[in-house]
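Asks: missing the sequence, but the structure's below:
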């Protein structure tokens, strides 16, 4: 009962990469379905705002499309009601495509996550079986159970949702940025200003949070070990009347987990509000500058015109852009938690 727990070493050199290159090799179909569903879903989500802006300019403000649009000449022969019906059908189809893509993506990523967790859990157990008895004499069962069960389960959120969210975010930044730049490159500069600031904050967040998550996952193993040892030796504890002493040791292990977990929480709860504030400022600037642009002409030395339909498209796209960017912090947070757990698994 007095053997100190042995800390399982973390191996963070390339464990997250190995997770996909080694274990993902046999699940390419699930990865393909996940990526395809994510890309199609994000693409379909960009269509409604684009055609809504066109409809506003063509139908309600009787403005002609730029000649750069490949279908501008064909739409000239359409009546306003025909354009409205056509765009309504396109928007309806985009929502249907989005629903099918969501099912395909979720099925692919969740199947991939479950298959990888199963393979990791069995491989970790197989690795334990190959170790010498000296390792088990120096290690606690609770620590090993924490790795095989808790750390493996910790990967589920990242494998099933966070990776697809990150891919969706990349597509969103590229797709929205490209469309906005084609519509009005000057207003796009204002709309995209949060991106580099959030990238800097994310770098600082990752640098600070990762060692805290490693310490937290290690303390989970220590707490599991303490509880496992005490419960398995509860008869000895009752016989020798050491209940207050053992309670104190459990309290110490629990306090270590509390302190390491709270250290990670303190860092995390500072990062998320900062990202939300920055993305909100970007939306307000886009709405204010764009609104003045439509009402009074180009401000701040800009020169390109801005139609009401393009302004509406900008506002919708920036709003779609704001919330995924705000969720970027959660993606980074889940990745760091998964990386800490994965390092302990590969440490076996």
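Replies: Here it is on my side, so go on. Small disclaimer: the values here were computed from a predicted structure and weren't measured. Numbering: from 1, shown residues only.
Asks: for the helix or strand where residue 96 lies, the distance to its chain's centre please.
Replies: Here residue 96 is covered by helix 80-129, with elements defined by DSSP states H and E. The gap between where helix 80-129 is centred and where its chain is centred comes out at 15 Å by C-alpha atoms, centre = their mean, to the nearest Å.
Asks: close enough to count as contact, residue 267 and residue 209?
Replies: Yes - the pair residue 267 / residue 209 is scored as a contact, 5.1 Å apart, by C-beta atoms under 8 Å. Where you see a C-beta, it was placed from the backbone N, CA and C, and this is true even at glycine.
Asks: Looking at these two, which is more packed in?
Replies: The residue with the greater number of neighbours, taking residue 267 and residue 209 and applying other C-beta atoms under 10 Å, is residue 209; the counts read 23 against 17.
Asks: what's the helix or strand containing that one packed up against?
Replies: When secondary structure is defined by DSSP H and E, residue 209 falls within helix 194-232. If contacts are counted by 3 or more C-beta pairs under 8 Å, 6 or more residues apart in numbering; DSSP states H and E, helix 194-232 sits against helix 141-145, helix 243-296, helix 308-326, helix 328-346.
Asks: Just want the angle from it to helix 308-326.
Replies: Interaxial angle of helix 194-232 relative to helix 308-326 (axes from the mean of the first three to the mean of the last three C-alpha atoms, to 10 degrees): 30 degrees.
Asks: about what we covered before: pick out the shakiest of the helices and strands packed on helix 194-232, pLDDT-wise.
Replies: In terms of mean pLDDT, the lowest-scoring of the helices and strands packed on helix 194-232 is helix 141-145 (a mean of 65).
Asks: next SSE after it?
Replies: In the C-terminal direction, the helix or strand that comes right after helix 141-145 (DSSP H and E) is helix 152-154.
Asks: Give the buried residues for that next one.
Replies: Buried positions in helix 152-154, judged by neighbour count with 16 or more other C-beta atoms under 10 Å: 152, 154.
Asks: Please pull up the helix or strand immediately following that helix.
Replies: Scanning forward in sequence from helix 152-154, with DSSP H and E defining helices and strands, the next element found is helix 156-157.
Asks: Could you tell me how far that next one lies from the centre of the chain?
Replies: Relative to the chain's own centre, helix 156-157 is displaced by 11 Å; criterion: C-alpha atoms, centre = their mean.
Asks: List of residues touching that helix?
Replies: Outside helix 156-157, the residues that touch it by C-beta atoms under 8 Å, 6 or more residues apart in numbering are 113, 114, 117, 334, 337, 338.
Asks: from these, which single one is nearest residue 235?
Replies: Among the contacts of helix 156-157, residue 117 lies closest to residue 235 (C-beta to C-beta), at 35.3 Å.
Asks: Near that closest one, how many other residues are there?
Replies: Under the neighbour criterion other C-beta under 10 Å, residue 117 is assigned a count of 18.
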